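Peer 1: got a predicted structure here, sequence first:
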Amino acid sequence: MNALKYIIFCIALCFVSNTQAQNFEYTDSVTEFEKNEGDKTFMGHILERTAYTFKALGRGVEYSLRAGYEIGGTSPMPLPAEIRKIESFKPKMHFYIEGNVNKTFKRNRNWGLLLGIRLEQKGMETQAQVKNYNMRMDGGDGTMVEGAFTGHVITKVNNSYLSIPLLVTCKVTDRWKLRLGPYYSHLLGKDFSGKAMDGYLREGDPTGDYVAVSTADYDFSNDLRKWNIGVQFGADWKVLKHLAVALDLQWGLNDIFKKDFEVIKFDMYPIYGTIGIAYLF
């Protein structure tokens, strides 16, 4: 009990000592609180001051719920010499849902800070013609073979993430609001797999033993990195008082594969856009 009383006393001192340093806009009820301060109990002071502080913190806070579709691809930037031709690209359109809290700044209500949480899925399917493309594939007898592959590869990506954006927002007009900043994504579900076909493999390096490849499977899902960081830029266009159209572009900044993964020699970055609607509370 003595420790609890000490903690409560320290909290009370923090609230009292920082009152003058607060940048929040208190209502006239704060003045009324100070007039009657002597009439309240010790716990009453703490509870009331806490209530006023949270009320001030809540001023200028906006909430939104967003939902829509995400489309894009995972690619090296720029394309390496080993990829000679992109023969087909099929982006997969996946549903996303997101909740946001946007706190505007006191000195300029047009600017603010947005914190969100988003459930999303990023996927694509692509076919490419490659030459001396480093590859590890199923040799057909339960063993894996690795080396420089020349031929065609089909790659399928289907990953789900829990993402947390932290963005600066700017209200340009009554209808338009822009946002920019970093995001963090944690991998929840993973699939990076495909086929190598109609070609040959040189084991080890381009001068190694020749292995003809009609079709062979590969799967690098377990080599995916658990987290990804990137930058996000977006805009809201308010259609109605509580409804807006939301557009965003997300660009990953780190390789989707683990640092010790050496089969694919170049970094792969997720680049995706979203379109959806936002309900503004």
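Peer 2: Noted; the coordinates are in hand.
Peer 1: so, low pLDDT: which residues of this structure?
Peer 2: Within the chain, the set of residues satisfying pLDDT under 70 comprises 1-59.
Peer 1: again, 50 this time
Peer 2: 1-37, 53-54, 56 (pLDDT under 50).
Peer 1: name the residues of stretch 183-202 that are buried.
Peer 2: Tyr183, Ser185, Lys190, Phe192, Gly194, Lys195, Ala196, Met197, Gly199, Leu201, Arg202 (16 or more other Cβ atoms under 10 Å). For glycine as for every other residue, the C-beta is placed from the backbone atoms N, C-alpha and C.
Peer 1: okay, helices next: where are they in this protein?
Peer 2: 2-17, 28-35, 42-58 (DSSP state H).
Peer 1: what sits against the nearest residue to Phe220 once chain neighbours are set aside?
Peer 2: Spatial nearest neighbour of Phe220, chain neighbours left out: Phe192 (4.7 Å); criterion: Cβ to Cβ, 6 or more residues apart in numbering. When contacts are counted by Cβ atoms under 8 Å, 6 or more residues apart in numbering, Phe192 touches Thr155, Lys156, Val157, Asn159, Asp219, Phe220, Ser221, Asp223, Leu224, Ile256.
Peer 1: who's the second one bridged to?
Peer 2: Okay, so that is Lys156. Residues in a beta bridge with Lys156, per DSSP bridges, are Glu125, Ser193.
Peer 1: count the residues that sit near it.
Peer 2: Lys156 has 16 neighbours, counted by other Cβ atoms under 10 Å.
Peer 1: one more: the fourth one?
Peer 2: For Asn159, the count of nearby residues is 22 (other Cβ under 10 Å).
Peer 1: verify the stated contact: it with Met124.
Peer 2: No - between Asn159 and Met124 there is no contact under Cβ atoms under 8 Å: 10.1 Å.
Peer 1: roughly how far does Gly99 sit from Gly252?
Peer 2: According to Cβ to Cβ, to the nearest Å, Gly99 stands 22 Å off from Gly252.
Peer 1: and Ala212, how far from Gly204?
Peer 2: 16 Å.
Peer 1: more neighbours: which of the two?
Peer 2: Taking other Cβ under 10 Å, Ala212 and Gly204 do not tie; Gly204 has more neighbours (12 against 9).
Peer 1: ok, the closest residue to the more buried one other than its chain neighbours - how many residues close by?
Peer 2: Spatial nearest neighbour of Gly204, excluding adjacent residues (Cβ to Cβ, 6+ apart): Gly147 at 5.2 Å. Using other Cβ under 10 Å, Gly147 has 22 other residues around it.
Peer 1: before we move on, the earlier item: which one of the buried residues of stretch 183-202 is nearest to Lys85?
Peer 2: Gly199 (13.2 Å; Cβ to Cβ).
Peer 1: list the contacts of that closest one.
Peer 2: With Cβ under 8 Å, 6+ apart, Gly199 has these contacts: Val130, Phe149, Thr150, Gly151, His152, Val213.
Peer 1: burial of Val239, as a residue count?
Peer 2: 12.
Peer 1: which residues does it contact?
Peer 2: Val245.
Peer 1: roughly how far apart are it and Tyr279?
Peer 2: From Val239 to Tyr279 the distance is 11 Å (Cβ to Cβ).
Peer 1: how many neighbours does the spatially closest residue to Gly194 that is not a sequence neighbour have?
Peer 2: Nearest-residue entry for Gly194: Thr155, 4.2 Å, with adjacent residues in sequence omitted and distances by Cβ to Cβ, 6+ apart. Each residue near Thr155 was counted by other Cβ under 10 Å, and the total is 20.
Peer 1: and if you look at Thr104?
Peer 2: Using other Cβ under 10 Å, Thr104 is surrounded by 17 other residues.
Peer 1: run through the bridge partners of it.
Peer 2: The partner residues for Thr104, given DSSP bridges, come to Gly112.
Peer 1: all good on my end, thank you.
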